[in-house]
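1. Here is my input; please provide its structure:
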Amino acid sequence: MNTNDKAIPKLCKNCDLPVLNGRIDKVFCSDSCRIDYNNRIKMEKRVALPDFVKNIQKSITENYKILHKLKTSGATIISEEKLIKMGFDFNYITSYHTTKKGDIYRFCFDHGYLKIKENQVLLVVQKNQVELI
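-> Numbers count the residues shown, from 1 in each chain. Down below sits the predicted model:
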């Protein structure tokens, strides 16, 4: 057999080691190389979020955690001051709902609040919007 007759082995797309054994169209030397390569490609395609978006997400998440921690069964009233001391930021919500009476409930996902009087906030959990009307 002539040495020129031997085929040059394909190299792995991930690690550049020879791809031995297997299908003729095999492009990775192992499953771990295939997984590593595909994960890297996904990460490269992912768009990095700007810092201001990350900060908004962080604020909304923190607001949600605070409201979730404070909400008990029934009506819960708390001072705005206490919420602010806990790290709550009134500038960040995910939605709001205005009732027929004109009250505006502000929400971080399903946990929300209604400013009821000076420096007082009523905490609510939204099961569906019909309950707030």
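
2. Please determine how far the residue nearest the centre of the chain is located from residue 94.
-> For the chain, the residue nearest the mean C-alpha position is residue 57 (7.8 Å; C-alpha atoms, centre = their mean). Distance, residue 57 to residue 94, by C-beta to C-beta, to the nearest Å: 11 Å. Bear in mind the C-beta positions are built from the backbone N, C-alpha and C, glycine included.

3. Over to residue 43?
-> The value you get for residue 43 to residue 94, if C-beta to C-beta is used, is 28 Å.

4. quick one, which of the two is more surrounded?
-> residue 94 (14 against 9; other C-beta atoms under 10 Å).

5. ok, the more buried one - contacts?
-> Going by C-beta atoms under 8 Å, 6 or more residues apart in numbering, residue 94 touches 60, 107-109.

6. what ranges of this protein fall below the confidence cut-off?
-> Applying pLDDT under 70 to the chain flags the ranges 1-7, 72-73, 128-133.

7. In it, where's the longest helix?
-> For the chain, the longest helix by residue count, based on DSSP state H, is helix 51-70.

8. buried ones in that helix?
-> 59-60, 62-64, 66-67, 70 (16 or more other C-beta atoms under 10 Å).

9. so after that helix, what's the next helix or strand?
-> strand 76-79 (DSSP states H and E).

10. That following strand pairs with which strands?
-> strand 120-125 (antiparallel) (DSSP bridges).

11. contacts for the partner strand?
-> With C-beta under 8 Å, 6+ apart as the criterion, strand 120-125 contacts 67, 70-71, 75-80, 83, 105, 110-116, 132.

12. Give me the buried subset of those residues.
-> 67, 70-71, 78, 83, 105, 110-114, 132.

13. Pick out the most distant pair among those.
-> 83 and 132 (19.9 Å; C-beta to C-beta).

14. what about the strands in this structure?
-> Here the chain has its strands, by DSSP state E, at 76-79, 95-98, 104-108, 111-117, 120-125.

15. As CSV, those strands with distance to residue 12 would be great.
-> Below are those laid out as CSV (distance: least, C-beta to C-beta, whole Å):
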stretch, distance to residue 12
strand 76-79, 59
strand 95-98, 49
strand 104-108, 47
strand 111-117, 50
strand 120-125, 53
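
16. Sounds good, over and out.
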